[in-house]
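Engineer: sharing a model that was predicted from the sequence below.
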Amino acid sequence: MGSIGIDLGSTNLKAALYDDAMKCVSQLSVPVQYQRDGGVVEFDAEAYFDSLCRLLAELKKPVAAERIGLTGQAESLVVLGRDGRPLMNAISWMDERSQEECGILKAEFSPEICEAVTGQMAVLSTWPATKILWLKRHRPEIFRNAATYMLLKDYVAWRMTGVMAADCSIATFSFYFDIYHKRYWGEMLRTLGLNESQLPRLTEPCTELGGLCPEAAKACGLPDGIRVNLGTLDHFAGMIGTGNIAPGGVSLSTGTVMALAAMAENARPCGIAMHYGFLPDTHVMLPVAESGGVSLEWFRRTCMPQTDYAAIDRTLSERDLNKDLVFLPYLVGTNAPRFDSKAAGMFYGLRAEHDAFDMAAAVMKGVSFLLLENCESMKRAGAGIRRIVATGGGSKSDLWCQMQADITGLNVVRPVEKEAACLGAAMAAAVSAGVYSSYADCAEKTVRMERSFKPHANPDYDRQYRQYQLLYRAALAAAEL
């Protein structure tokens, strides 16, 4: 028997089947299709669900699947009419149409109030609250006829089971959820013109909702009644899938965006983005730095288009990486920990003897310095960080993992399972079904690390980190001229 983990991703939809020992026996993915027009990014929610059904139907099933666990993106918004059908395309979290509405909410709610209620450090156009306000102001016919506002993962779970519920770990990202009192934020709902009846009932993450309904079972090529678990946020499923389920560890995902996730020992506002966790009445620190893997992606695409990442690693592994070349990785500004949208990228110390490989190494160091800044910020907020669990595309580089260990002074470990979110969703379903007694039991018996990178003291990195900090302050002053 087995569990299917489903990752409702922004780039790809993924499904993986695991046996009860949590060994992956088959997996498939399909790209997500978007309609883009400037800052507007939408997709067809019904087509998204149909793609998922086809993916599940095509997934090879050498073992019988007894349960499904969901995970995936958070903020994408689905607006339903009274007949339960979408009134419009779903609005992606990547959509930026609600910049003006962000300003309206900033004027209405102070940063201190926002953090005290939602755990979030800034009013961003990614939040569904800002999109709903945009609809109220610009699409009044949609706003008048909206019966239910749902976030994407909850919508998919409803289509699968007929049960309408809002996972609290996903509701965190709505900007109308009180993460400390586990309820919708009434003042924000009144500002948006919403009734609580237009929102699904709040439910603990990783709750088993019920059986797959006959219509969905037929479309997915699965038996009626297979149990469906609501699951949790993709970053949190990744924590489960790598065994990072107690304070002391940081899950690092270095993709286009760099995200860190750590169990919070104290649930309180602390200057770091805080979220309702995947376990009842727990909270997770989740600082996100948009200037993550995108910096290396940009540099390779722009300056080394004929060179792949493996070739960069091979060349740099034979070089001295301590050359005096420093990079500020703020190509798209920076959120955590500085929250400075005006920050810009910079190379410092560039000389004739440097080549593109040296510059690539500087980019990797710059992103690692950004990682160190966030780790230090989390430690000041009370997180007892002892190790980093590396996932995402950046974790494939031994060179980068060792650099991160040396710069942060923390052990960096890399798990065997690369699709940690899918695995975590499947583990949540298995634990909920009683296959394992707890997440700790499941992780101990199934999660394995592929490699550990131990830190080595490097005075050159220490000095370059000080330069990195000074350069940011100098660039900030220069921008004011």
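Structural biologist: That came through, no problem. Model, not experiment: these values are computed from the prediction.
Engineer: enumerate every residue touching the residue most central in space within the chain.
Structural biologist: Residue closest to the average C-alpha location in the chain (C-alpha atoms, centre = their mean): His235, at 4.6 Å. Residues near His235 by C-beta atoms under 8 Å, 6 or more residues apart in numbering: 251, 253, 259, 261, 284, 286, 421. Every residue, glycine included, has its C-beta placed from N, CA and C.
Engineer: what's the spacing between it and Gly345?
Structural biologist: Taking C-beta to C-beta, to the nearest Å as the measure, His235 falls 25 Å from Gly345.
Engineer: and what of Arg144?
Structural biologist: 45 Å.
Engineer: CA atoms only: put the host helix or strand of Ala157 into PDB for me.
Structural biologist: Secondary structure assigned from DSSP states H and E places Ala157 in helix 152-161. Presented in PDB, the C-alpha positions along helix 152-161 are these (Å, rounded to 0.1, in the frame of the first residue of the first chain):
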ATOM      1  CA  LEU A 152      -5.600  27.300  -4.500                       C
ATOM      2  CA  LYS A 153      -4.700  24.200  -2.400                       C
ATOM      3  CA  ASP A 154      -8.000  24.500  -0.500                       C
ATOM      4  CA  TYR A 155      -9.900  24.700  -3.700                       C
ATOM      5  CA  VAL A 156      -8.200  21.500  -5.100                       C
ATOM      6  CA  ALA A 157      -9.000  19.700  -1.800                       C
ATOM      7  CA  TRP A 158     -12.700  20.800  -2.100                       C
ATOM      8  CA  ARG A 159     -12.800  19.600  -5.700                       C
ATOM      9  CA  MET A 160     -11.400  16.200  -4.600                       C
ATOM     10  CA  THR A 161     -13.600  15.700  -1.500                       C
END
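Engineer: just the pLDDT for the closest residue to Trp158 other than its chain neighbours.
Structural biologist: Using C-beta to C-beta, 6 or more residues apart in numbering and skipping the chain neighbours, the partner closest in space to Trp158 is Met164 (4.9 Å). On pLDDT, Met164 comes in at 97.
Engineer: for Met164, give me its contacts.
Structural biologist: Listed by C-beta under 8 Å, 6+ apart, the contact set of Met164 reads 148, 150, 154, 158, 200-201.
Engineer: give me the buried subset of those residues.
Structural biologist: 148, 150, 154, 158, 200 (16 or more other C-beta atoms under 10 Å).
Engineer: Pro128: which of the residues you listed is nearest?
Structural biologist: Of all the buried ones among the contacts of Met164, Pro128 sits closest to Met150, with 9.5 Å by C-beta to C-beta.
Engineer: partner strands of whichever strand or helix holds that closest one, with direction?
Structural biologist: Per DSSP H and E, Met150 falls inside strand 148-151. Note on strand 148-151: by DSSP bridges, its sheet partners are strand 77-80 (antiparallel).
Engineer: can you name the element that comes right after the strand it pairs with?
Structural biologist: Toward the C-terminus, strand 77-80 is succeeded by strand 90-91 as the next helix or strand (DSSP H and E).
Engineer: noted, bye for now.
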